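Undergrad: make a model of this:
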Amino acid sequence: MPDRAEMEQFWQRWLDTNKQCEAARDWAGLGEFFAEDATYGWNCGPNDEFMAVGRDEIVTLALGLEMQGLGGWNYPYQATLIDDAAGMIIGFWKQVADAQDDDGAQYEVAGFGASWFGYRDDHWIWQRDFFDHGNAGATYLAMMQKGLLADGMAQRINAAMRGERAPGHYRRGQAPAPLWPPVRP
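TA: Numbering: from 1, shown residues only. Alright, predicted model coming up:
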């Protein structure tokens, strides 16, 4: 069973590094937090799941390719739940762009976003994200129509609309690791 203070310190390092990565518009620095054999995934709708297996793939796909076009976006954490008995943390975040709408408000994906982590030996052993893909898509399309969406994200959306499956994306149930991570009772 992990020590609560150890988990809290690890979490604070994660938050601090996340802010540095957002400012640099490069999330690869978060890779050091993952175990060599960690998994990182999320559901992308009724027919698609994303899954990266191993630290290298997490850095390349989840923190690299999947973050293309999201420079200037921030993910401020709003609340944190720590379960030291199970070695899990859930952090709830917003997804906020630096671009502004016609009213001068920053674009923000509506709804809740969160990351659920499994912790062991000063590393994440798994991470699962959940957020409203419908709201994210609507926000991206609104920004695209105004010419405010980064080219990298617009290219990713256009490829997906053509039916192209990006690396790390699998048909539901066919990912190399289960979407539901192994959790201890």
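Undergrad: following the lengthiest helix in the chain, which helix or strand shows up next?
TA: Criterion DSSP state H: the longest helix present in the chain is helix 4-24. On the C-terminal side of helix 4-24, the nearest following helix or strand under DSSP states H and E is strand 34-43.
Undergrad: so what strands line up beside the following helix or strand past that following strand?
TA: Where DSSP H and E defines the elements, the next helix or strand beyond strand 34-43 is strand 48-53. Strand pairing for strand 48-53, using DSSP bridges, gives strand 34-43 (antiparallel), strand 169-171 (antiparallel).
Undergrad: which of these sits most buried?
TA: Mean neighbour count (mean count of other Cβ atoms under 10 Å) peaks for strand 34-43 among those, with a mean of 20. From N, CA and C alone the C-beta is placed, and that goes for glycine too.
Undergrad: run the chain-centre distance for that strand.
TA: Centroid separation for strand 34-43 versus its chain: 11 Å, with Cα atoms, centre = their mean, to the nearest Å.
Undergrad: now do the helices in this structure.
TA: 4-24, 55-57, 133-145, 151-161.
Undergrad: would you mind giving these as TSV with mean neighbour count and distance to residue 113 added?
TA: Below are the helices of the chain laid out as TSV (neighbours: other Cβ atoms under 10 Å; distance: least, Cβ to Cβ, whole Å):
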stretch	mean neighbour count	distance to residue 113
helix 4-24	14	13
helix 55-57	17	22
helix 133-145	15	9
helix 151-161	14	16
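Undergrad: weakest of those helices by average pLDDT?
TA: Per-stretch mean pLDDT for these is lowest at helix 151-161 (a mean of 88).
Undergrad: returning to what we had before: nearest to residue 174, out of the helices of the chain?
TA: Of all the helices of the chain, helix 55-57 sits nearest to residue 174, with 16.0 Å by Cβ to Cβ.
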